[in-house]
Each structure stands twice: as structure tokens, then as C-alpha cells.
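**Q** 3D model of this:
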Amino acid sequence: MGINQSNLPTIQRLKFEDYSRAETWQDAFEGLVESLNLFIAPVYDILNGGVDSQNVIAPQIYAKTVTGATVTTFTFINPLRITPRAVLLGNIWTGIPSRHPATAQVFWHISNNAIIVDDVPGLVAGTIYNLVLVIL
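**A** Sure thing, here's the model as predicted:
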């Protein structure tokens, strides 16, 4: 489940008006605790599952058209707020979306927040390819 599709309640703020119907201070406090528990329980469950900056980031997609060469290289700005853990080949095709090279992978490194693709071996020199990369 993505972080933006969590089971967090819709209550975002506690307001005095929310408890104006309480007959006693104790009733108001019980209502306040109930509202807080609606928030605390799911937040605790999310955080207890190990949420950190590395697993909250949604993968980003980068698409590029390249011409195969002996060594196919290109550079693009890192679309994540963190250093990527992986740059994966999501899809690759030539002209017709159902034509794919038999083997292809992405070799990359990062420098100054730019992702530098060092090579995409397996591409035929002079052939135009549509690449879709997944950055995590």
C-alpha cells in the first residue's frame, strides 16, 4: 500500500467546536482521546512497519529515445529527492512497441545529482530505441 493510500482517518485537526456538545469535561476528554486514537493507531502501524526515506519514495519513470552504439551513454537529472538505489530497465522497443532486443540492461552511476547511464549493452548500433527507465 502506498503512503498516500494509507488508512489514516480524515480528521486532520482537533477543534474545540468538535467537543462543544459534551456535557462535562470528562465527556469532552473522552471524545478527544477517541479522536486521537483514530489517528495514533494507523500512524503507529505505518511507522512500526519501518517507514523511512528509502521506502516512502515512489519510483519515478524516465523515458528517452536513443540510438544504439558501441557504447550507449546519456545523462539525466535524478528525479528523486534521495540518491537512487536502482535504475532499472522498465521497457525497451524499436519502432513497433512489440519489438524488443533479446538482451539489454542498464549500467549507471550518479554524480552531482545526475544519473549517468554508462552503457545499455545489447543494443544494435544505428538502431533507434525507446527506453523507459524506472528509478527507485
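**Q** low-confidence stretches in this structure?
**A** 1-12, 19, 50, 52-57 (pLDDT under 70).
**Q** element containing the residue nearest the centre of it?
**A** Nearest to the mean C-alpha position of the chain, by CA atoms, centre = their mean, lies Ala58 at 0.8 Å. Under the assignment given by DSSP states H and E, Ala58 is not contained in any helix or strand.
**Q** report the distance from the longest helix along the chain to the chain centre.
**A** In the chain, assigned by DSSP state H, the helix with the most residues is helix 25-48. For helix 25-48, the gap between its own C-alpha mean and the chain's C-alpha mean amounts to 29 Å (CA atoms, centre = their mean, to the nearest Å).
**Q** stretch 109-128 now?
**A** On the basis of CA atoms, centre = their mean, stretch 109-128 is displaced by 22 Å from the centre of the chain it belongs to.
**Q** can I get it in PDB? Just the C-alpha atoms.
**A** The C-alpha trace of stretch 109-128 is given here as PDB (Å, rounded to 0.1, in the frame of the first residue of the first chain):
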ATOM      1  CA  HIS A 109      26.200   5.700 -11.700                       C
ATOM      2  CA  ILE A 110      25.300   9.000 -10.000                       C
ATOM      3  CA  SER A 111      27.300  12.200  -9.900                       C
ATOM      4  CA  ASN A 112      26.200  15.700  -8.700                       C
ATOM      5  CA  ASN A 113      22.600  14.600  -8.600                       C
ATOM      6  CA  ALA A 114      22.800  13.500 -12.200                       C
ATOM      7  CA  ILE A 115      22.200   9.900 -13.300                       C
ATOM      8  CA  ILE A 116      24.800   8.900 -15.800                       C
ATOM      9  CA  VAL A 117      23.900   5.900 -17.900                       C
ATOM     10  CA  ASP A 118      27.300   4.400 -18.700                       C
ATOM     11  CA  ASP A 119      26.000   1.800 -21.200                       C
ATOM     12  CA  VAL A 120      23.000  -0.200 -22.300                       C
ATOM     13  CA  PRO A 121      24.700  -3.300 -23.700                       C
ATOM     14  CA  GLY A 122      22.700  -5.400 -26.100                       C
ATOM     15  CA  LEU A 123      21.600  -2.600 -28.400                       C
ATOM     16  CA  VAL A 124      22.300  -2.800 -32.200                       C
ATOM     17  CA  ALA A 125      24.400   0.100 -33.400                       C
ATOM     18  CA  GLY A 126      22.400   2.600 -35.500                       C
ATOM     19  CA  THR A 127      19.000   1.300 -34.400                       C
ATOM     20  CA  ILE A 128      16.700   3.700 -32.700                       C
END
